[in-house]
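Trainee: Okay, predicted coordinates and the sequence, questions at the end:
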Amino acid sequence: MASKPHPPLVKKHSQTDLVSRLKTRKVLGVGGEDDDGEVHRSKISQMLGNEIKFSVREPIGLRLWILISAVLFTATALMALAFPNQLYEIIFELTTTRISIRLYGGALLSISLILWNGLYTAEKVIIQWTLLTEACYFGVQFLVTSVSLLEMGVLSNGAALLLLSEVFFLLVTLSYYHHLGRRAKKI
């Protein structure tokens with residue numbers, strides 16, 4: 001009995017076979033909408049989350065607010081590091097040691113680096129943590145300044161302006177943080 005010659009083996013190109021690709025994506029669970037209405041292009045983006053769509057829902061003025069905050073923090077930090085006596089005298093109309101003001105300037109410089117990083121990122125979580133860091137700073141700064149002024153029993157114009165600006169910055173920062181944390185309404 002003679003054996004029949006087998007036809008040559010042809011390799012199936014599954015990348016070009018649309019039915020095969022669709023079945024594979026269905027098995028992996030990608031390509032369709034999830035509970036949040038997101039369409040994931042890969043299993044990795046499905047597991048890690050897809051932050052590309054965030055730029056559409058960014059609150060108006062958020063980048064400008066982070067830029068203004070970063071510039072103000074940097075300028076105040078540099079002033080505290082370079083001219084510690086003058087900065088304290090302008091606000092409280094008292095004199096103090098240079099080391100404490102320079103430490104304050106170093107802390108502000110660290111926070112300003114976080115703000116500069118938040119300005120150039122597109123990830124929602126990093127921007128939220130940046131805003132939360134700024135809000136915590138202004139909250140603590142307000143409490144420390146208020147307690148210090150109560151202990152001294154004196155309220156200068158500079159200190160009153162500082163307290164008002166801290167409350168203003170705190171409220172604006174918290175409003176952006178709140179707006180960023182809300183879920184988008186599904187239509």
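Mentor: That came in fine, so what should we check first?
Trainee: residue ranges of the helices in the protein, please?
Mentor: Counting by DSSP state H, the chain has helices at residues 18-28, 43-48, 62-82, 84-92, 98-119, 124-152, 157-181.
Trainee: Point out the other helices and strands that the last one packs with.
Mentor: This means helix 157-181. helix 62-82, helix 84-92, helix 124-152 (3 or more C-beta pairs under 8 Å, 6 or more residues apart in numbering; DSSP states H and E). For every residue, glycine as well, the C-beta is placed using N, CA and C.
Trainee: buried set for the last one?
Mentor: In terms of neighbour count (16 or more other C-beta atoms under 10 Å), helix 124-152 has its buried residues at 124, 127, 130-131, 133-135, 137-138, 141-142, 145, 149.
Trainee: and which of the residues you listed is nearest to Leu62?
Mentor: Checking those against Leu62 with C-beta to C-beta, the nearest one is Ile127 at 7.3 Å.
Trainee: What separation do you get for the closest one and Leu64?
Mentor: Going from Ile127 to Leu64 by C-beta to C-beta, to the nearest Å gives 13 Å.
Trainee: cool, and His6?
Mentor: For His6, the distance to Leu64 equals 71 Å [C-beta to C-beta].
Trainee: More neighbours: these two, which one.
Mentor: Neighbours were counted for His6 and for Leu64 using other C-beta atoms under 10 Å; Leu64 has more, 10 against 6.
Trainee: and the gap between that one and Tyr177?
Mentor: Leu64 is 16 Å from Tyr177, by C-beta to C-beta.
Trainee: just to revisit the earlier point, closest to Leu115 out of the helices and strands packed on helix 157-181?
Mentor: helix 62-82 (3.8 Å).
Trainee: closest one to Leu161 among the helices and strands packed on helix 157-181?
Mentor: Taking the helices and strands packed on helix 157-181 one by one with C-beta to C-beta, helix 84-92 is closest: 8.3 Å.
Trainee: mean confidence score for the closest one?
Mentor: Per-residue pLDDT over helix 84-92 has a mean of 71.
Trainee: low pLDDT regions in this structure?
Mentor: For the chain, applying pLDDT under 70 flags the ranges 1-2, 9-56, 88, 90-97, 183-187.
Trainee: residues in contact with Leu109?
Mentor: Neighbouring residues of Leu109 by C-beta atoms under 8 Å, 6 or more residues apart in numbering: Phe73, Thr74, Ala77, Leu78, Leu81.
Trainee: The second one contacts Ile111, correct?
Mentor: Read it as Thr74. No. Distance between Thr74 and Ile111: 9.4 Å, which falls outside the contact criterion (C-beta atoms under 8 Å).
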